[in-house]
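Undergrad: One predicted model, sequence on top.
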Amino acid sequence: MRSVRIITALLGLLTVAVGVWALLAPDSFGEFVNFPPHQHFLHDIGAFQLGIGVTLLLATIWADAISVALAGYVTAGAAHTVVHIVDAHLGGSTAQTWSIGLLSLVAAAALAIRWRVLASPRPSTPAPAGR
């Protein structure tokens with residue numbers, strides 16, 4: 001299991017690095033992967049790669065699958081929202097930006113609720129009465 005955790009962490013780090021590269025230097029990333037020069041498309045790729053990478057990294061340290069999935073969604077959604085704000089001059093609509101941002105906030109709220117549930121002490125259940 002240790003080797004799987006190490007591989008997962010390395011994949012997560014690599015994927016986060018690719019995401020950051022696509023977000024911060026879309027022209028360089030696009031040239032490297034031979035994609036057409038479209039800044040917003042490359043930013044979107046970066047946002048999603050960042051979310052996937054964070055999900056992989058969190059999976060190595062968190063046992064709760066729902067928390068891992070929600071945290072990855074929040075990461076990608078937040079980055080995607082920022083990309084839509086920064087790239088507003090390239091197209092898209094305000095409704096898209098608000099929708100992506102709102103769904104990211106809903107996921108963040110669900111994650112907060114999940115953490116609260118996981119942190120709360122479990123009520124003890126009485127042993128069944130004998131017959």
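TA: Cool, got the structure.
Undergrad: which residues of this protein score low on pLDDT?
TA: The model of the chain has pLDDT under 70 over residues 123-131.
Undergrad: helices and strands around the lengthiest helix in it, which ones?
TA: If you go by DSSP state H, the chain has its longest helix at helix 94-119. Contact here means 3 or more CB pairs under 8 Å, 6 or more residues apart in numbering; DSSP states H and E; on that basis helix 94-119 packs against helix 65-86. No exception for glycine: its C-beta is placed from N, CA and C like everyone else's.
Undergrad: Now do the helix it packs on: distance to the chain's middle.
TA: Centroid separation between helix 65-86 and its chain, computed with CA atoms, centre = their mean, to the nearest Å, is 4 Å.
Undergrad: Same question for stretch 103-118.
TA: 13 Å.
Undergrad: For that stretch, give me every contacting residue.
TA: Under the contact criterion CB atoms under 8 Å, 6 or more residues apart in numbering, stretch 103-118 has outside partners 64, 66-67, 70-71, 73-74, 77-78, 80-81.
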